[in-house]
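# The sequence isn't on hand, but the structure is:
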């Protein structure tokens, strides 16, 4: 089966930037997971945040949802402290929010929040002590294939 959906990763300081445009399938999720883990290992992160930029219909298939549930505890145990989800496209937003909320129900003390502006997401992450470098974010965004 071929990959469906797109993602891109980068990092600055102890914040991982993730762009996701879906919907994606299991093959795309498996590649994302491998690249995410490689980035964590390369940077040596033990305490980090994730700033996710969502575009398109980011609806998880049941298979991808189950896979994400399986890795979530390990990610939290290995250093992710908070996740800000920045929504740039309203397609499928309510379903995406429902799925993500359901995903994190098992971890009620974990900090995850949706935002409709980069500045709000940035401020929220900074309230937890993470530094979101605006220039690094802008450089990341310039590399994205936003036409997809």
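Ah, there it is. In this text, all values refer to a predicted model and were calculated from it rather than measured experimentally. Numbers count the residues shown, from 1 in each chain.
# any idea how far the residue positioned nearest the centre of the chain is from residue 79?
The residue lying closest to the centre of the chain (CA atoms, centre = their mean) is residue 52, at 3.7 Å. Residue 52 sits 16 Å away from residue 79, going by CB to CB, to the nearest Å. For glycine as for every other residue, the C-beta is placed from the backbone atoms N, C-alpha and C.
# Now tell me what touches the worst-scoring helix or strand of the chain on mean pLDDT from outside.
One helix or strand of the chain scores below all others by mean pLDDT, DSSP states H and E: helix 93-103, with a mean of 81. Residues outside helix 93-103 that contact it (CB atoms under 8 Å, 6 or more residues apart in numbering) are 54, 57-60, 65, 68-69, 72, 85, 87, 112, 114.
# Quick one, which of these are buried?
54, 57-60, 65, 68, 72, 85, 87, 112, 114 (16 or more other CB atoms under 10 Å).
# Would you reformat those residues as JSON lines and include distance to residue 27?
As requested, the buried ones among the contacts of helix 93-103 are exported to JSON lines (distance: CB to CB, whole Å):
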{"residue": "54", "distance to residue 27": "20"}
{"residue": "57", "distance to residue 27": "17"}
{"residue": "58", "distance to residue 27": "16"}
{"residue": "59", "distance to residue 27": "16"}
{"residue": "60", "distance to residue 27": "13"}
{"residue": "65", "distance to residue 27": "15"}
{"residue": "68", "distance to residue 27": "14"}
{"residue": "72", "distance to residue 27": "20"}
{"residue": "85", "distance to residue 27": "23"}
{"residue": "87", "distance to residue 27": "24"}
{"residue": "112", "distance to residue 27": "25"}
{"residue": "114", "distance to residue 27": "26"}
